[in-house]
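**Student:** Let me see the structure of the following:
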Amino acid sequence: MVTIIVLIVLAPLLVINLFFVAEVAAGLPRSRARHWPAAQGRTTIIIPAHDEEQVIGRTLAGLKAAAGAGFDILVVADNCNDRTADVARVAGVNVVERHDTSRRGKGFALAHARDYLSADPPARVVVLDADCRSDARSLAALAGACQAIDAPAQAINLLEPAPAAGPLVQVSSFAFLMKNLVRQRGLQRLAGSVHLTGTGMCLPWALFADADLATASIVEDVRLGLELARKGRHPRLIGEAVVWSPHADQSQTLGQRSRWEGGYLALARATAPGLLRDGMMRVSPRTLLAGLDLTVPPLALLVLLTGTAFLLTVMLAASGLSSWLPAALLGGVGVAAGLVLLLAWWREGRAFLSPAALVRLPLYPLWKIPMYLKLARSGAPKSWNRTERPGQTGGEGAPPTA
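**Tutor:** Model prediction:
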């Protein structure tokens, strides 16, 4: 009887681990390169920026060199206390300023950009964070794919490799790659849809114009992608387009992860049950898989939960209160998860995570225990806070996604 109760309690965790293994395994093969047709009409690149004086000039210089004749750039200087708007104007791009301290957040900045563009709307918009970089091939592929599929197109969003950084920064960058490349690619193959990651996403104007943007949600991009998917406009991962974000200093990495993971967990808790219910009631595998993907917590938390449950089941079995079956099942899925993670590192992650840092990977969840305890006490951060990059001080802005 105790064994049956333990299995019932563990069933959700086992399903989550099995889905994680399946999703990563599906995302291991690389996609064949596809040639997207040239986009017709104008594409506007929107850059929400909050106190980004130190990086916006460099971002715009690279972006102007990469963007073709069919692109224009709009910077939304949102509640800035520095010279972000002036630097952007000097760079020769369109700039709008927004001042509303009671309504702060990237979503409000995007809604302001939409209002500004509505008098002469472009064919589509690309949203980029103020510290990101891309290239001409990626921008052309993103705009062309968005036109071809008439749905949101999401670039692969990665952190710049930091081989000289500390192990915690490297592991965090690897976790970012697992979420935004390997698992996104797997979700695309399993469900035909991916999550929007907030930067490097391209939307047809008609979808952007009708979207519920004016929100302070930390993970407004994920929420927007789910809403569009419910309407049948499933975001697609475009393997030919890549957007790079800078990594945080080691001292700032925990705060960087806390903001996004807290918001993501809050969204998953509010959204995943409904998706799972709808998927089963409507017999919709795509909806069911989207819900399962949301139930998978960040990698470190998944390891902590699974490891703790495994130790408890071993203790129960050793005391004779339960059979060894629950421990064997948890151990089996844990080994499978470790194997697919190792394969993903070998195939995609060696530039992001050195062998020396890989050895320390099991310690990564322990480093994040204080963060999860704080999230459990205080909930998800609600402000639009900017992560300090190496060599920078002060200011706030859009949080990176991971």
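**Student:** can you list the weak-confidence ranges in the chain?
**Tutor:** Applying pLDDT under 70 to the chain picks out residues 214-219, 248-260, 379-402.
**Student:** which residues touch the longest strand seen in it?
**Tutor:** Secondary structure assigned by DSSP state E gives strand 236-245 as the longest strand of the chain. With C-beta atoms under 8 Å, 6 or more residues apart in numbering as the test, strand 236-245 has contacts from 30-31, 33-34, 36, 128-129, 131-135, 137-139, 141-142, 145, 149, 151-160, 184-185, 188, 193-194, 199-200, 400. The C-beta positions use only the backbone N, C-alpha and C, and glycine is treated the same way.
**Student:** The same query, at a cut-off of 7 Å, please.
**Tutor:** The contact list for strand 236-245 (C-beta atoms under 7 Å, 6 or more residues apart in numbering) reads 31, 33-34, 36, 128-129, 131-134, 137-138, 141-142, 145, 149, 151, 153-160, 184-185, 188, 194, 199-200, 400.
**Student:** what's near enough to touch the residue lying closest to A155 once chain neighbours are set aside?
**Tutor:** Spatial nearest neighbour of A155, excluding adjacent residues (C-beta to C-beta, 6 or more residues apart in numbering): G200 at 3.3 Å. Applying C-beta under 7 Å, 6+ apart, we find G200 in contact with L128, S134, Q154, A155, N157, A241, V243.
**Student:** and the residues you listed as TSV, adding neighbour count and secondary structure?
**Tutor:** Listed next are the contacts of G200 as TSV, based on neighbours: other C-beta atoms under 10 Å; DSSP: H, G, I helix; E, B strand; the rest coil:
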residue	neighbour count	secondary structure
L128	27	coil
S134	24	coil
Q154	30	strand
A155	28	strand
N157	31	strand
A241	28	strand
V243	25	strand
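**Student:** V87: which of those residues is nearest?
**Tutor:** Closest approach to V87 among these (C-beta to C-beta): L128, at 16.0 Å.
**Student:** so how far is G198 from the closest one?
**Tutor:** Distance from L128 to G198, counting by C-beta to C-beta, to the nearest Å: 9 Å.
**Student:** Can you report how many residues neighbour the residue nearest to L353 when sequence neighbours are not counted?
**Tutor:** Distance criterion C-beta to C-beta, 6+ apart; nearest residue to L353, sequence neighbours excluded, is F174 at 4.1 Å. Neighbourhood size, F174 [other C-beta atoms under 10 Å]: 27.
**Student:** wait, isn't E348 in contact with L177?
**Tutor:** Yes: with contact defined as C-beta atoms under 7 Å, E348 counts as touching L177 (6.2 Å).
**Student:** which one of those two has more residues nearby?
**Tutor:** Between E348 and L177, L177 has the larger neighbour count (other C-beta under 10 Å), namely 24 against 20.
**Student:** So that one: helix, strand or coil?
**Tutor:** Secondary structure, DSSP: H, G, I helix; E, B strand; the rest coil: L177 is helix.
**Student:** got a list of what it touches?
**Tutor:** Contacts of L177 by C-beta under 7 Å, 6+ apart are L158, E348, G349, F352.
**Student:** State the distance from the third one to W36.
**Tutor:** Going from G349 to W36 by C-beta to C-beta gives 27 Å.
**Student:** neighbour count winner among the two?
**Tutor:** The neighbour count for G349 versus W36, taken as other C-beta under 10 Å, is higher for G349 (23 against 19).
**Student:** Identify, from the contacts of G200, the entry nearest to L305.
**Tutor:** Nearest to L305 among those: N157, at 25.8 Å, using C-beta to C-beta.
**Student:** Which strand residues bridge L203?
**Tutor:** V125 (DSSP bridges).
**Student:** In contact with it, which residues?
**Tutor:** R124, V125, C146, P152.
**Student:** got a winner among those for most neighbours?
**Tutor:** C146 (28 neighbours).
**Student:** Shouldn't that one be within a helix?
**Tutor:** Yes: judged by three-state DSSP, C146 forms part of a helix.
**Student:** That one touches Q154, doesn't it?
**Tutor:** No: using C-beta under 7 Å, C146 is not in contact with Q154; the gap is 9.6 Å.
**Student:** OK, contacts around G62?
**Tutor:** Neighbouring residues of G62 by C-beta under 7 Å, 6+ apart: R133.
**Student:** if you set the cut-off to 10 Å instead, what comes out?
**Tutor:** C132, R133, S134, D135 (C-beta atoms under 10 Å, 6 or more residues apart in numbering).
**Student:** how about those residues in CSV, adding distance to G107?
**Tutor:** Converted to CSV, those look like this (distance: C-beta to C-beta, whole Å):
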residue, distance to G107
C132, 18
R133, 23
S134, 22
D135, 27
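**Student:** Do you have the helices of the stretch 251-400 of the chain handy? List them.
**Tutor:** With helices called from DSSP state H, counting those that start in this stretch, the stretch 251-400 of the chain shows them at 285-295, 299-318, 325-344, 355-359, 364-367, 369-378.
**Student:** Make CSV out of those and add mean neighbour count and distance to G225.
**Tutor:** Putting the helices of the stretch 251-400 of the chain into CSV (neighbours: other C-beta atoms under 10 Å; distance: least, C-beta to C-beta, whole Å) gives the following:
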stretch, mean neighbour count, distance to G225
helix 285-295, 21, 9
helix 299-318, 18, 20
helix 325-344, 17, 23
helix 355-359, 13, 31
helix 364-367, 18, 27
helix 369-378, 13, 23
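**Student:** Format those as JSON lines; extra columns: distance to I73.
**Tutor:** JSON lines is the format used below for these (distance: least, C-beta to C-beta, whole Å):
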{"stretch": "helix 285-295", "distance to I73": "32"}
{"stretch": "helix 299-318", "distance to I73": "35"}
{"stretch": "helix 325-344", "distance to I73": "35"}
{"stretch": "helix 355-359", "distance to I73": "36"}
{"stretch": "helix 364-367", "distance to I73": "37"}
{"stretch": "helix 369-378", "distance to I73": "36"}
